[in-house]
Every structure is written in structure tokens, then in C-alpha cells.
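Colleague: predicted model and sequence below, questions to follow.
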Amino acid sequence: MPVLCTATSIISTGAGATASPALFDSLVFDGTSMLTNTEYHPEISGTGQQYTIALLVKVNDVSNLQCIASFGRTTSDQYRTVGIDPNGGDPRFFGGSGVTHRLLGSTSVVPEVGKWYGITLTMDSAGSGQSLQVNGSGLHSVVVDGNLTNARSDSTNGICTLGGRYGNNDLFTGEVGMFLVIVDPHYLSADLKWLQNAPYSTLPSPVRTDTVINLLDQDREWNAANILDSVNSHIFPVTSGVTNSNDTIPDGGYSIGWVNDGSWEGDGVDDYIKLIDQYNPTTEIGTGDFSVVIRFKSNDVTLTQRVLTWGEDSSNTQGFFGILVKGSKLGLSFRRQGTYNYDHVDFATTLVNDTWYTVVVSRTGVTIDGWLNATDHVDETDNQGDDSGLSFATDFNADDHNLGRHRTSLNGLFLNGHICQYAIFNNRVLTADEAEVIHGGGVPHDLTTSRTYNSKTYTPDPSTLDLYALLNAGIEGNVSRTGLLVNRVSSSNLIGVNIGGTWSTDVPS
Amino acid sequence: MVHGQRTYQVNIMAYNNLTYVIYPVADIGNINFDCFRQNAPEDITDLDSIKTALRVDNNDANFILKYEGAKPRCIYGTTVYNHKTILGIVNDQNGDWWTDVEI
């Protein structure tokens, strides 16, 4: 539940804070009060200092000048602020040294009431390359030379505020779901791209734990003794714990509108989704155990169609894994790296047109298990390349990775149907029980409230979820055009490009 | 359809209104892709790039375009197909658009 930040809030200032508040998802600021912490004042000053201030905020007012967060006391301290400027009816986010010294300018993003935004304010090592970014790098950003090398929030002048600036000025009306400060030497704006699709459960690995400080750890006080936390052990307020109601979880921190449900639809002629190089798992998929989940349906099950294609260049240097509709059956195909023969196994179920199916495939060692709608099970064991058994690809991260199409270098086998979800678990073997949970009896998971972190709906251990794609990203966006990106949920990058498909509101029911 | 408290919309097939044409790869430079559903390949002189963005037949001779509404001027004179017809063409196992698979 959100915590209302008022003068009587249990969240107190500095040392000696009162008892820890109940778990919360976000801090709610009503425009009448703010949080002040005089105990925590990271050094973000001095020439050569690098830092990033990261915020996840929901905007409830765009008509007044507001400071969301700040370090320092006065303009003479060259303090840092992030806020909203009504800008004469054309509101903008700003970052800079104080609300009257918005040296960094504002972004092109127009803050809208009721939506969440990921914001970063960074300074590079030279102390001059300042960047304010909203909803992630590459979408909307401004980079200006603010020459803010003397800003500080140090032991003398240090004060950190949230929901306003020092002296109860320019108070913020909205919510803050996350507040991070990353200090020297980690100026890593690229690693903060996860804010583009925030929230996430973990930070990118290059960020050192001792340089990341989350000031809004939900189960801790606003208290200097407790606010320091490390990334590895830390759970973000917005993604943590079973007691998190998630009722204020951001779902709108995007530049495009989102709807509750949806799927991608291919026409069977030339539409597909191509996973791109930006999808870059830290571990090669296919070299060890893995699982995939895909939910799809076909408009004509008599056609031969690829639902999923991994790997297999012309010389098969990477091996192959695919899911295929052929002859009204669903099959799993494998091709060992460097070998000629495919191995293939069909599910027993006779597919029906325009009917959603949940496919779960797990590879463990030399055995493959597949479940169609949880109940139709196939399993095979590799016979070392013998065509009587299954062989396994060894590296699916290279070469093609397509949804709804065969290998890009080949023609044909486009899916005439829908895909609504796609997930990869690396180094994890999903079980029959989990396949049943995932299938959910045909009832879709509640993606309305959890779509940005719905790995929880798949497994109690989402750490091995390497990719999760809810294919509804473009429903309210620019449909059916090449270049429309498909968001990757579980990490920082976008996973692929929609090559012509249509975004549909159709989902399993 | 209702699941719990949530209502799902039933999708209306999106492709009923699309019109498809088959066009020579050699003439791809004549195409104004703003008029079509597909975006232009990154490099229209590179066949791999063309194959990434467009469906090309087995002879690398023709590709498929699709549009909605009035026929774009740049493809005047070409035969048009509806979705059902083009599916029949590309899935003709004896045709130039079919890719056989061993599995």
C-alpha cells in the first residue's frame, strides 16, 4: 500500500526515527510536506565526481513548480534537483542546480498526471557532461553542459530531500517508488536503461553494490542507520516481497500507452518478431539447462508454421531449437550443432483453429520435456545424434531468434496467428507442476497489475528468468510497422522488432 | 468474455482489409514504403536486408507488399490479392514461396 507522506507520517527525519513503517510500494506526497534527511548526504560534489540520481515517480500535478528530490541546501551550495516545471502550461521535467537554476534544461517528455516515469540525472567524470533522461536513454534525453562541478551535498552542507527542496519549498504532489543514488566512480547511465522499463528486481551487474544506495527501501526507515543498502541483497520497493500489494506499481512509465492485455498477430505471409542483438543474456542460452514458455494460437492449424525459431545458420554452427505447427499438430524440433538430422517430437493433441495453447519446454541434461496445456506431455532423451532421439543445440544466442517465422535466411513458415507471451528461463528446468501453474487452466495470469514484473507469476524463483516478453507493447502504439520495439521485461534491453505484425487485444480467456 | 473481474475484448481479424501484391526485387527502388505496411529494408541493395524486412520468394525474384485502402501509385499495374488468396500462394507447396522442412 502507498504511504501518505504527511506531517504526521511515521516516516521521520534523520537519526532517531520512529518505528519502521509498514511495507509500502511508494511514498505519496500530497504537496504539503516533504522528507528531509540530514544524516545521509552522499558526496556528489567536486570536479571529477560522478554520480547518478535515479527516480521512479508518479506525477499528480503538472501545474505547479515542484521539486521531486534534491541534494544540498541553497543555490550557493549548487545543489542538485530534479523536478517538474509547469513551463507556462507546457510542463516538463527538469534537472539542474535548483529550481531557479535549471541549467540542465528540461526533457521533451511531457509529464502527465497519473503516469509513472523513470528519471535519471547523471554527471560524467569531467563534471560537465550532465544528462537528464526520462524513460530511459535513447527515448528522450537532453545532454547539456551544466558546468556543475561545485555542487555538493557534503557533511557541511549536506541535506537530502524528497518531495520538495530544502525549507519546504516547491513541494511535490505525486508518488515516488524508487530513489537511487549511484556515486563515484560509477557513472553508468547506460546501465540505468532498466529505468526505461522500470521497475526491475535487480540492477545490472556492473553496478557495484557499495556504490548504490536506495533511499526508499520499503521495509526500512527513513533513517541514516538503515538507508544504506546493497544491490545484491536489496529488493526494490516496487518489486519486493509477498506482502507488497503492488497496487501502486508503475505501469505507465513508458512513452507509449499500455493496455491491459494483448498479443501480437502475424498474418502468415511476412510478419514476425526478430529478437535483436540488444537482447543479450549474460549467459548463453542452450549451453546448459533451460526452459521456454510461449502462449500462442493459430488461425489455421493445417498450415506449416514456426511459432519459435532459435539458431541454425546455413552450416548449423549453433544448433537449432524450434516449435512448429504442422499437420494440425504441435512439434518440438532440435538439431545438434554441426549435425544434419533434425529430431522432432509431436504432441498428441490435435490443434484447433483460433484456440490458445500454452507450451512449456524444459531441457535438462540430455532430456527434453514438453507440455502442451500442461497435460499433454512429451519427453525424449538424446541419443548422441542418432535420429531416433533428440539432439540439442548448444548456443541459441547466436544467429536467428525469431517468433512467428522460420530462419530469416529461408523463406516461409510464418505464423498465421497470435503470440501473447514468451519467456526464457536459463539454467532452470521447469517442472510439470510449474507447467500446470503457468498454464493456469487456460486462464491468463493477471497481467494488469503485474505485467512489468510478472515473473512472479511463473515461478517462485524469478532469478533465472532470462527474458519475459508480454507481446502487447504496441497495441496503442504505432502498429504494424517495422521497427516497433518489443519490450523486454526482465532486464534492461528491448528484445526485438516487430516486422509487420499487428498488435491485437486478443488474449487467452 | 469475462475472467474474474476483467473483461477481454474479442479481436476482430486485422487482415481482412489488407491488400497484397507481388513485386519484383529488381524494382524495389520504385517503392515508396510510406504507402505500405512494411517498412523499407535498411539497405534495399542488400538481399539479406531485404529478406529481413520483406518476404522474398525462393528465387530472390519477387517480394510481397501489403497495404490498406487505395492502391498506391507506385504499384499500378500489379495484380492484387486478398489475405486468403496470398496465403494460398505462399503456402502452395509447388510454388515459389514454399519452404519445405524435414520436420
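Modeller: Yep, that arrived. Computed from a predicted model, the values in this text were never measured in an experiment. Numbers count the residues shown, from 1 in each chain, chains lettered A, B, ... in the order given.
Colleague: point out the residues in the stretch 101-250 of chain A that sit beside chain B.
Modeller: On the criterion Cβ under 8 Å from any Cβ of the partner chain, chain B has no neighbours in the stretch 101-250 of chain A. (Glycine included, C-beta is placed from N, CA and C.)
Colleague: can you classify B:W97 by secondary structure?
Modeller: Three-state call for B:W97 (DSSP: H, G, I helix; E, B strand; the rest coil): coil.
Colleague: quick one: contacts for it?
Modeller: B:W97 makes contacts with A:N411, A:G412, B:R55, B:D57, B:N58, B:I89, B:V90, B:N91, as judged by Cβ atoms under 8 Å, 6 or more residues apart in numbering or on different chains.
Colleague: stretch B:86-95 near chain A at all?
Modeller: Yes: Stretch B:86-95 reaches chain A (Cβ under 8 Å from any Cβ) through B:I86, B:L87, B:V90, B:N91.
Colleague: let me see the mean pLDDT of that stretch.
Modeller: Stretch B:86-95 carries an average pLDDT of 92.
Colleague: in that stretch, what counts as buried?
Modeller: Neighbour-count burial for stretch B:86-95, counted by 16 or more other Cβ atoms under 10 Å in any protein chain shown, picks out B:I86, B:L87, B:I89, B:V90, B:N91.
Colleague: likewise stretch A:287-299?
Modeller: Neighbour counts using 16+ other Cβ under 10 Å place A:T287, A:D289, A:F290, A:S291, A:V292, A:V293, A:I294, A:R295, A:F296, A:K297, A:S298, A:N299 of stretch A:287-299 among the buried residues.
Colleague: in strands, which of those appear?
Modeller: Of the buried residues of stretch A:287-299, the ones assigned to strands by DSSP state E are A:F290, A:S291, A:V292, A:V293, A:I294, A:R295, A:F296, A:K297, A:S298.
Colleague: beta partners of the fifth one?
Modeller: Residues found in beta-bridge contact with A:I294 (criterion: DSSP bridges) are A:V359, A:Y422.
Colleague: right, and A:T339 touches A:T317 too?
Modeller: No: counting by Cβ atoms under 8 Å, A:T339 does not reach A:T317; the two are 11.1 Å apart.
Colleague: still on that earlier bit, by pLDDT, give me the weakest of the buried residues of stretch A:287-299.
Modeller: Among the buried residues of stretch A:287-299, A:T287 carries the weakest pLDDT, at 75.
Colleague: these two touch, right, that one and A:T394?
Modeller: Yes: assessed by Cβ under 8 Å, A:T287 is found in contact with A:T394 at 5.9 Å.
Colleague: least confident secondary structure element in chain B?
Modeller: Across the helices and strands of chain B, mean pLDDT, DSSP states H and E gives its lowest value to strand B:6-7, namely a mean of 26.
Colleague: how near is A:H406 to A:V110?
Modeller: Using Cβ to Cβ, to the nearest Å, one obtains 42 Å as the distance from A:H406 to A:V110.
Colleague: cool, A:T349 as well?
Modeller: Counting by Cβ to Cβ, the separation of A:T349 from A:V110 is 49 Å.
Colleague: just A:D400 next, same as before
Modeller: From A:D400 to A:V110 the distance is 39 Å (Cβ to Cβ).
Colleague: likewise A:D506?
Modeller: A:D506 is 31 Å from A:V110, by Cβ to Cβ.
Colleague: thought B:P24 was touching B:A61?
Modeller: Yes: under the criterion of Cβ under 8 Å, B:P24 makes contact with B:A61 at 6.6 Å.
Colleague: could you identify the helix or strand that succeeds the least confident helix or strand of chain B?
Modeller: strand B:18-24 (DSSP states H and E).
Colleague: what mean pLDDT does that following strand get?
Modeller: Here the average pLDDT along strand B:18-24 is 95.
Colleague: that strand pairs with which strands?
Modeller: Strand B:18-24 pairs in its sheet with strand B:62-68 (antiparallel), strand B:80-81 (antiparallel), by DSSP bridges.
Colleague: can you say which helix or strand has A:V301 in it?
Modeller: For A:V301, there is no host helix or strand (DSSP H and E).
Colleague: what's the closest non-adjacent residue to it?
Modeller: Nearest residue to A:V301, sequence neighbours excluded (Cβ to Cβ, 6 or more residues apart in numbering or on different chains): A:L351, at 3.9 Å.
Colleague: so that neighbour, which of the three states?
Modeller: Per three-state DSSP, A:L351 ends up coil.
Colleague: now it: how far from A:D369?
Modeller: For A:L351, the distance to A:D369 (Cβ to Cβ) stands at 20 Å.
Colleague: one more: A:I438?
Modeller: Applying Cβ to Cβ, the value for A:I438 to A:D369 is 13 Å.
Colleague: and for B:S49?
Modeller: 38 Å.
Colleague: show me which of those two is the more surrounded one.
Modeller: Taking neighbours as other Cβ atoms under 10 Å in any protein chain shown, B:S49 and A:D369 compare with A:D369 leading, 20 against 14.
Colleague: list the contacts for the more buried one?
Modeller: If you count contacts by Cβ under 8 Å, 6+ apart, A:D369 has them with A:V361, A:S362, A:R363, A:H377, A:V378, A:D379, A:V429, A:A432.
Colleague: touching, the last one and A:H377? I think so.
Modeller: Right, the one you point to is A:A432. Yes: with contacts defined as Cβ under 8 Å, A:A432 counts as touching A:H377 at a distance of 7.0 Å.
Colleague: what do the two both touch?
Modeller: A:D369, A:W371.
Colleague: distance of the residue nearest to A:R295 when sequence neighbours are not counted relative to A:V292?
Modeller: Leaving aside its chain neighbours, A:R295 sits nearest to A:Q421 (4.5 Å; criterion: Cβ to Cβ, 6+ apart). Here the criterion is Cβ to Cβ. By it, A:Q421 lies 11 Å from A:V292.
Colleague: let's have the contacts of A:D369 in a markdown table, adding distance to A:K274 and pLDDT.
Modeller: Output for these, formatted as a markdown table (distance: Cβ to Cβ, whole Å; pLDDT from 0 to 100):
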| residue | distance to A:K274 | pLDDT |
| --- | --- | --- |
| A:V361 | 21 | 94 |
| A:S362 | 25 | 92 |
| A:R363 | 23 | 88 |
| A:H377 | 31 | 96 |
| A:V378 | 28 | 94 |
| A:D379 | 30 | 88 |
| A:V429 | 27 | 86 |
| A:A432 | 32 | 89 |
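Colleague: which of those residues are buried?
Modeller: Counted by 16+ other Cβ under 10 Å, these give A:V361, A:S362, A:R363, A:V378, A:V429 as buried.
Colleague: what's the farthest-apart pair in the residues you listed?
Modeller: With Cβ to Cβ as the measure, no two of the buried ones among the contacts of A:D369 lie farther apart than A:V378 and A:V429, at 15.1 Å.
Colleague: higher neighbour count, A:D400 and A:V110?
Modeller: The residue with more neighbours, out of A:D400 and A:V110, is A:D400; 22 against 14, by other Cβ under 10 Å.
Colleague: which of the ones in strands among the buried residues of stretch A:287-299 lies closest to chain B?
Modeller: Chain B lies nearest to A:K297 out of these, by Cβ to the nearest Cβ, at 10.6 Å.
Colleague: can you narrow the buried ones among the contacts of A:D369 to ones near chain B?
Modeller: Okay, of the buried ones among the contacts of A:D369, nothing touches chain B (Cβ under 8 Å from any Cβ).
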